[in-house]
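# requesting a structural model of the entry that follows:
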Amino acid sequence: MKQGSGQKVSRENFSELLSFLAVAQERSFTKAAARRGVTPSAISHTMRLLEERLGVTLLTRTTRRVVPTPAGDYLLQNIQPLFDEIENRMVSLDEFRKCPRGNLRITVTDESLGFFLRPRIADFLKNYPEISLEISTDLRLIDIVDEGFDAGVRLGELVTQGMISVPVSPDIPFAVVGSPTYFKSHVTPKIPARLQEHNCIGVRLPTHGKIYPWRFRQKGKDLKFQPIGKFVCNNVFSARDACLDGIGLAYIPKIVAEEHIQNGKLISVLEPFCPTHLGFHLFYPRHHRHSMPLSLFVEEMKVK
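Numbers count the residues shown, from 1 in each chain. All right, here's what the predicted structure looks like:
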């Protein structure tokens, strides 16, 4: 038999060690083979290879039984507790299935949180009391992995390719709105080109610092209008409030302005030309797909 080289045990050797444990405990190749789901000849061959690699005899073989040698008994006593611990840790995962626990960090936009996620979050935390949730509102298109987030929520068209993406809202109609006070001194635009005559409120995107372009659909063609005006802000709620104050026109998700359109404080114009954008999507890296807290959060937030 070759002398052992003192080499480290690699991951692929674990199967050999599990087979050794089965033989040493059962004192039989036949019973050990049944336990491992292989043939007796296969497990006998595995033991010979293990002994050759280690350079020691681990088992004494007779016609009636197989017993560990002193070296085999030493190995048995030292590795059995380790595998027992692994098995115990695997069993402990049942607790996560019974009562999932963990921490989640999610980056969202103000409007996705306010109109779609917020009503579901309370139920989620009630259903899974051992899960802690941290929500960070941001308009930037951030790298969720670099910044330590488990997932993000953005408009579908803004989600990075390669991410798993799940819709958490219906598609989002956009609207151009202004206040009755504003329209008392400005002619209502009938086509997108007439917006050049108006004070258009800009929303500056923090990711690249540019003003978000207004998009329209006219005669089957997509149009892009770069707003020019005397007021710029960094979120759609501030743009809406500026409209309510009579400052100018804003291009925002219609849901943000809907209540004020209904009560007459805002007027929606250019409706035949305003597009519907992909709704908000919850997205996360593919390697997170087996995270129990995240899987449960996705299930709770997605559009039913």
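# and the pLDDT at Ala239?
On the pLDDT scale, Ala239 is placed at 97.
# so for the host helix or strand of Leu125, mean pLDDT?
Assigned by DSSP states H and E, Leu125 belongs to helix 118-127. Helix 118-127 shows a mean pLDDT of 92.
# do the same with stretch 247-256
Mean pLDDT, stretch 247-256: 96.
# could you dump that stretch to PDB, C-alpha only?
Extracted in PDB, the C-alpha atoms of stretch 247-256 (Å, rounded to 0.1, in the frame of the first residue of the first chain):
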ATOM      1  CA  ILE A 247     -45.800  77.300 -11.800                       C
ATOM      2  CA  GLY A 248     -46.200  75.300 -15.100                       C
ATOM      3  CA  LEU A 249     -46.800  72.000 -16.700                       C
ATOM      4  CA  ALA A 250     -45.400  68.600 -15.600                       C
ATOM      5  CA  TYR A 251     -45.100  65.200 -17.200                       C
ATOM      6  CA  ILE A 252     -45.600  62.700 -14.400                       C
ATOM      7  CA  PRO A 253     -47.200  59.200 -13.800                       C
ATOM      8  CA  LYS A 254     -50.900  59.800 -13.900                       C
ATOM      9  CA  ILE A 255     -51.400  58.000 -10.600                       C
ATOM     10  CA  VAL A 256     -49.400  60.700  -8.900                       C
END
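# show me what contacts Lys214?
In this structure residue 214 is Trp, not Lys. Val176, Pro192, Leu195, Cys200, Lys224, Phe225, Gln226, Pro227, Tyr251 (Cβ atoms under 8 Å, 6 or more residues apart in numbering). (Glycine included, C-beta is placed from N, CA and C.)
# 10 Å instead, please
174, 176, 192, 195, 200, 202-203, 223-227, 249-252, 270, 273-275 (Cβ atoms under 10 Å, 6 or more residues apart in numbering).
# give me the buried entries from those.
174, 176, 192, 195, 200, 202-203, 223, 225, 227, 249-252, 270, 273-274 (16 or more other Cβ atoms under 10 Å).
# do a quick rundown of the strands in the stretch 51-200 of the chain.
Remark: strands assigned in the stretch 51-200 of the chain by DSSP state E, counting those that start in this stretch are 59-61, 66-68, 102-108, 131-137, 151-155, 164-167, 172-178.
# how deep is the residue nearest to Lys254 when sequence neighbours are not counted tucked in, by neighbour count?
Nearest non-adjacent residue to Lys254, counting by Cβ to Cβ, 6 or more residues apart in numbering: Ala175, 4.1 Å away. Other residues near Ala175 come to 21 when the count uses other Cβ atoms under 10 Å.
# report the beta-bridge partners for Ala175.
Beta-bridge pairing for Ala175 (DSSP bridges): Ile252.
# my guess is it meets Ala239, correct?
No - counting by Cβ atoms under 10 Å, Ala175 stays clear of Ala239, with 11.4 Å between them.
# overlap in contacts of those two?
Overlap of the contact sets of Ala175 and Ala239 (by Cβ under 10 Å, 6+ apart) consists of Ala250, Tyr251, Ile252, Val256, Ala257.
# my reading is that Phe216 lies in a strand. Confirm?
Yes - Phe216: assigned to a strand according to DSSP: H, G, I helix; E, B strand; the rest coil.
# quick one, what contacts it?
Each residue near Phe216 by Cβ under 10 Å, 6+ apart is listed here: 174, 176, 191-193, 195, 222-225, 251, 270, 272-275.
# repeat for Tyr251
Residues in contact with Tyr251 (Cβ under 10 Å, 6+ apart) are 174-177, 195, 200-203, 212-216, 225, 227, 236, 239, 270, 274.
# domain ranges for this structure, per the record?
11-97, 102-170+279-301, 172-277 (automatic domain parsing).
# any idea how far Asp171 lies from Val303?
Asp171 sits 10 Å away from Val303, going by Cβ to Cβ, to the nearest Å.
# what sits in contact with each of the two?
Gly279, Phe280.
# pLDDT at the residue nearest to Lys254, what is it?
Note on Ala175: pLDDT of 97.
# next one: Ala33
Reading off the model, Ala33 has pLDDT 91.
# isn't it right up against Ser19?
Yes - taking contacts as Cβ under 10 Å, Ala33 lies within contact range of Ser19: 8.7 Å.
# those two - which one has more neighbours?
Neighbour count, other Cβ under 10 Å: between Ala33 and Ser19, Ser19 has more, with 24 against 21.
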